[in-house]
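Colleague: Provided below are the primary sequence and the corresponding predicted coordinates.
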Amino acid sequence: MKGIIKKVFCALMVAAVGISAAGCGEASTMERIEKSGKLVVGTSADYAPYEYHTMIEGKDTIIGIDISIVNEIAKDLGVQLEIVDTGFDGLLAALNSDKVDIVIAGMNPDEKRKKAVDFSKIYYEAKQGVMVRAEDKDKIKTIADLSGKNVGVQLGTTQEKIAQDQMTASKLVSLGKIPDLVMELKNNKIDALVVELPVANGYIKNNNDLALSEINVEEDSGGSAIAVKKGNEDFVALLNKSLDRLIEEGSIDKFVQEANEKNVTQ
C-alpha cells in the first residue's frame with residue numbers, strides 16, 4: 001500500500017508542479033498521509049449545507065458540500081478518508097498540532113488565518129445573510145434596526161468579525177455551534193444571526209418561524225478554502241489540482257445543490 005500511495009503522490013506532483021519524479025520528496029503532512037494510508041480531515045459539522053450530521057441507514061453520518069469535496073480529494077490521492085468533528089474555533093490548533101491533515105469547514109482565508117496556516121485556492125464563494133424570526137422580518141431591515149439588539153455569530157468566524165466591524169451598536173453573542181445560535185434566535189435570546197446565505201436558506205427552508213432579513217452586509221473574505229499547515233506547498237498544489245478538476249467539471253455546483261436538497265436541519 002505504501003509504495004502504491006507514494007507513486008500516486010509522485011505522479012500527481014509531477015503533473016501539478018512540474019517537478020521530476022526523481023526529486024519527489026514529501027513534506028511532513030504528505031509523509032504522514034502516505035504512512036497511514038488515510039487523509040484526516042478536520043471540520044465542524046454544525047454548518048449545513050457545508051457539513052452537518054444526518055442519519056443514513058440508521059447511522060449518524062456527516063455529509064455536505066465540504067465532505068463531498070474531500071471525498072474526491074481522497075480518491076485522487078488514493079487514500080481513505082477520516083473525518084474529525086470538532087469546534088470551529090479549535091480547528092486550526094488541531095491542524096498545527098498534526099491532529100488533522102487539512103481543515104475544511106466553509107472557512108474563509110482571511111489575513112489573520114493566513115498568518116497561522118496556508119490555504120488552497122478558493123473553491124466556493126457565498127454571500128452573507130442575516131437571519132431573523134419571521135415575525136420580525138418587517139421590523140429588522142437595516143443594520144440600524146439592530147441597534148441595542150443581540151446579534152448572534154459563530155465563535156471565531158468571518159461572521160463574528162463582520163458583526164464586530166459593522167454592527168457596532170449591537171450586542172454581540174458568540175457561540176461555538178450554529179444550531180445553538182439558531183435555538184437562541186427561536187427562543188428570543190438573540191434578535192438576529194449572521195451566517196452565509198446557503199446556511200440561512202437551509203434553516204429557513206425547514207423552519208417557518210425563521211426568515212431572511214433585507215439587511216445587506218459587506219464582506220471581502222473571498223470565499224471558502226482548505227487550510228493546510230505551513231510548509232506544505234507541494235501538498236497545497238495537489239489539493240488545488242483536485243479543486244481545479246472539480247470546479248472545471250461543475251462538480252462543486254452539483255455538491256451545493258445536492259447538499260441543499262438533503263439538508264434536513266431542524
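Modeller: Nice, I can see it. Predicted model only: the values in this text are computed from it and were never measured.
Colleague: rest of the way, CA atoms for contacts and neighbours
Modeller: Will do.
Colleague: per-domain residue ranges of the chain.
Modeller: Taking automatic domain parsing as the reference, the chain has its domains at 2-124+222-262, 128-212.
Colleague: how about a markdown table for the ones you listed, with mean pLDDT and mean neighbour count added?
Modeller: As requested, those are exported to a markdown table (pLDDT from 0 to 100; neighbours: other C-alpha atoms under 10 Å):
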| stretch | mean pLDDT | mean neighbour count |
| --- | --- | --- |
| domain 2-124+222-262 | 86 | 18 |
| domain 128-212 | 94 | 19 |
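Colleague: isn't Gly64 right next to Asp46, touching?
Modeller: No - assessed by C-alpha atoms under 8 Å, Gly64 is found out of contact with Asp46, at 10.3 Å.
Colleague: With just CA atoms, put stretch 196-209 into CSV.
Modeller: Presented in CSV, the C-alpha positions along stretch 196-209 are these (Å, rounded to 0.1, in the frame of the first residue of the first chain):
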residue,chain,number,x,y,z
GLU,A,196,-23.7,32.6,5.0
LEU,A,197,-26.7,32.6,2.7
PRO,A,198,-26.7,28.8,1.9
VAL,A,199,-26.7,28.2,5.7
ALA,A,200,-29.5,30.6,6.3
ASN,A,201,-31.5,29.3,3.4
GLY,A,202,-31.2,25.7,4.7
TYR,A,203,-32.6,26.7,8.1
ILE,A,204,-35.4,28.9,6.7
LYS,A,205,-36.5,26.1,4.3
ASN,A,206,-37.1,23.8,7.3
ASN,A,207,-38.3,26.4,9.9
ASN,A,208,-41.4,28.5,9.1
ASP,A,209,-40.7,30.8,12.1
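Colleague: what about that stretch, distance to the chain center?
Modeller: From the chain centre to the centre of stretch 196-209 is a distance of 17 Å (C-alpha atoms, centre = their mean, to the nearest Å).
Colleague: Could you find the closest non-adjacent residue to Met167?
Modeller: Of all residues beyond its chain neighbours, the one nearest Met167 is Ile143 (6.5 Å), with distances taken as C-alpha to C-alpha, 6 or more residues apart in numbering.
Colleague: ok, now Asn201?
Modeller: Nearest residue to Asn201, sequence neighbours excluded (C-alpha to C-alpha, 6+ apart): Leu212, at 7.8 Å.
Colleague: can you pull the contacts of that neighbour?
Modeller: Leu212 makes contact with Gly129, Val130, Met131, Val132, Ala134, Lys137, Ala200, Asn201, Ile204 under the criterion C-alpha atoms under 8 Å, 6 or more residues apart in numbering.
Colleague: Next step: those residues restricted to helices.
Modeller: Secondary structure assignment (DSSP state H) places Ala200, Asn201, Ile204 from the contacts of Leu212 within helices.
Colleague: Nearest to Phe88 among these?
Modeller: Proximity of the ones in helices among the contacts of Leu212 to Phe88 (C-alpha to C-alpha) peaks at Ala200, which lies at 17.7 Å.
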